[in-house]
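S.K.: Structure for this input, please:
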Amino acid sequence: MTGPTTTNAELFEAARRVIPGGVNSPVRAFGAVGGTPYFVESASGAYVTDAESRRCIDFVQSYGAIIAGHAHPAITEAIAAAAAQGTSYGAPTAREVALAERIANAAPGVDQVRLVSSGTEATMTAVRLARGCTERPRIVKFAGCYHGHADALLAAGGSGVATLGLSGSAGVPPSAVADTVVVPYNVVPELDDQVAAVVVEPVAANMGLVPPTPGFLEGLRQACDAAGALLVFDEVITGFRLGSGGAAERYGVTPDISCFGKVIGGGLPIGALGARSEIMETLAPTGPVYQAGTLSGNPLATAAGLAALDLLTPTAYTELETRAGQLADGLRDTLAGAGFDAVVSQVGTLVGLYCGAGPEPGWVPVDYDDARSTDEEAYARLHAELLRRGVAFAPGAYEAIFVGLAHTPDIIDEALAAAAAAA
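M.R.: Here you go, the predicted structure:
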């Protein structure tokens, strides 16, 4: 099935015979937008090329794991050099120390870092760590925030859970979520002495793009301090994308535990959690909270991550935010000019698209209920028309739009021209 004449449809048919739904992550199946998923053969810069040799401007960017552009030479060369020395050792390496130092030096409130293999593993470990540190059972999360597919955090999740219309997941027994409390985003909850942690996306990027309202993150910090609970920021998307200090630096609120992923791996599988030393030393082998991983600190992922972070200078972040603004402003004007009702949001380098006019001019979603009122059918039609014109947005209405360093102003203008025709 991998010959030069193989079509996307043929690959999808073959995939469905050996892979559940034909994909290894549900949203990729195009169930929410219709049509056949494209199978990527190669990618370079701002573009992906599929099995039918169709090239598209890519705003999926591996759902935020790519920030410098696909196959950036500095990153691929770092991976190749690392691979030539071995792909996995099951022993410590100097590069994992270097990457942990980079994260600790940049992220507010982080003294020590534990590297893992995915964002899900990072948030899962953060919950266990918080419970171990506080000796309390309860976790508070926010409706529409997605923290990976760990049982305790799937309740009312965004991202693919929202796309598929699921309240959580089969296979998660009531006991697994008995100590998970779900509350509305942008509302500071009341906490009691049973709450171990409040887990939040400081910028919600899995229900479209919903920014924190003024005072929300500060209120969470105060509420956690008053109750003796830990504040956990899930910065898997925002970490090293909004800036080197992520959302914590942008909003001036320091969490107790921070979770990272995506950008810090340069496109390879990775995750991390970090906190001040007295919290992190509760993890094994120095403490009683167990966590381990065969591929944690993988030498290829750390090489790619360090190479990616080297590219993210202050000038690069300024340029990223400018280009995100170009796309957001352009989409807003382009869609309005075509009579396509939409709300386009921007937080720094992130862009979000809500289909529908909203209840009043200037309205933006502030919580999951608002986000779920997006017109999914309109998004599906827009997605299909964009793809026909060579622009790839995520195949789900609840994902952020990712602008990277490879999206030059000319490429963004090209994408906006396609959006005008599509709308």
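
S.K.: where's Thr318, which helix or strand?
M.R.: According to DSSP states H and E, Thr318 maps onto helix 314-337.

S.K.: what pLDDT, on average, does that helix get?
M.R.: For helix 314-337, the mean per-residue pLDDT is 98.

S.K.: got the contact list for it?
M.R.: The list of residues contacting helix 314-337 from outside it, by CB atoms under 8 Å, 6 or more residues apart in numbering, reads 59, 67, 243-244, 341-342, 344-346, 348-351, 353, 401, 403-405, 407-409, 412-413, 415-416, 419-420, 423. C-beta here means a position set from N, CA and C on the backbone, and glycine is covered the same way.

S.K.: any idea how far Pro202 is from Val110?
M.R.: 14 Å (CB to CB, to the nearest Å).

S.K.: What of Val210?
M.R.: From Val210 across to Pro202, the span is 11 Å (CB to CB).

S.K.: just Ala229 next, same as before
M.R.: Counting by CB to CB, the gap from Ala229 to Pro202 is 16 Å.

S.K.: just the strands in the chain please.
M.R.: Assigned by DSSP state E, the strands in the chain fall at 40-44, 47-50, 55-58, 112-116, 138-142, 180-183, 195-200, 230-234, 257-261, 271-275, 342-347, 350-355, 391-392, 401-402.

S.K.: which of the residues in the first one are buried?
M.R.: In other words, strand 40-44. 40-41, 43 (16 or more other CB atoms under 10 Å).

S.K.: next one: the fourth one
M.R.: The neighbour-count criterion (16+ other CB under 10 Å) identifies 112-116 as the buried residues of strand 112-116.

S.K.: quick check, nearest of these to Tyr89?
M.R.: Using CB to CB, the shortest approach to Tyr89 within the buried residues of strand 112-116 belongs to Leu115, at 13.6 Å.

S.K.: tell me the contacts of that closest one?
M.R.: By CB under 8 Å, 6+ apart, the contact set of Leu115 is 96, 99-100, 270-272, 296-297, 302.

S.K.: on that earlier part again, and which of the buried residues of strand 112-116 is nearest Tyr63?
M.R.: Nearest to Tyr63 among those, counting by CB to CB, is Val116 at 17.6 Å.

S.K.: Count residues in the vicinity of the residue nearest to Ala380 when sequence neighbours are not counted, would you?
M.R.: Closest residue to Ala380 apart from its sequence neighbours, by CB to CB, 6 or more residues apart in numbering: Val33 at 4.2 Å. Using other CB atoms under 10 Å, Val33 has 23 neighbouring residues.

S.K.: Please apply the same query to Asn24.
M.R.: Using other CB under 10 Å, the number of residues around Asn24 comes to 10.

S.K.: Over to Gly252?
M.R.: Count around Gly252 with other CB under 10 Å applied: 12.

S.K.: Looking at Ala229 and Pro202 now, which is surrounded by more residues?
M.R.: Pro202 (28 against 25).

S.K.: Chain neighbours aside, what residue packs nearest to that one?
M.R.: Closest to Pro202 by CB to CB, 6+ apart is Ala247, at 3.6 Å.

S.K.: Verify the stated contact: that neighbour with Val203.
M.R.: Yes - if you go by CB atoms under 8 Å, Ala247 and Val203 touch, sitting 5.3 Å apart.

S.K.: which one of those two has more residues nearby?
M.R.: Ala247 (31 against 26).

S.K.: Just name the shakiest helix or strand of this structure by mean pLDDT.
M.R.: helix 160-163 (a mean of 47; mean pLDDT, DSSP states H and E).

S.K.: Next up, the contacts around the residue nearest to Pro202.
M.R.: Each residue near Ala247 by CB under 8 Å, 6+ apart is listed here: 202-203, 217, 233, 235, 238-239.

S.K.: one more time with 7 Å, if that's ok
M.R.: 202-203, 233, 235, 238 (CB atoms under 7 Å, 6 or more residues apart in numbering).

S.K.: These: which two are farthest apart?
M.R.: Spatially, the most separated pair among the contacts of Ala247 is Val203 and Phe233, at 9.8 Å (CB to CB).

S.K.: ok, Thr120 - contacts?
M.R.: Thr120 neighbours (CB under 7 Å, 6+ apart): 148-150.

S.K.: what do you get if the cut-off is 10 Å, keeping everything else the same?
M.R.: Going by CB atoms under 10 Å, 6 or more residues apart in numbering, Thr120 touches 146-150, 153, 236, 259, 261, 271.
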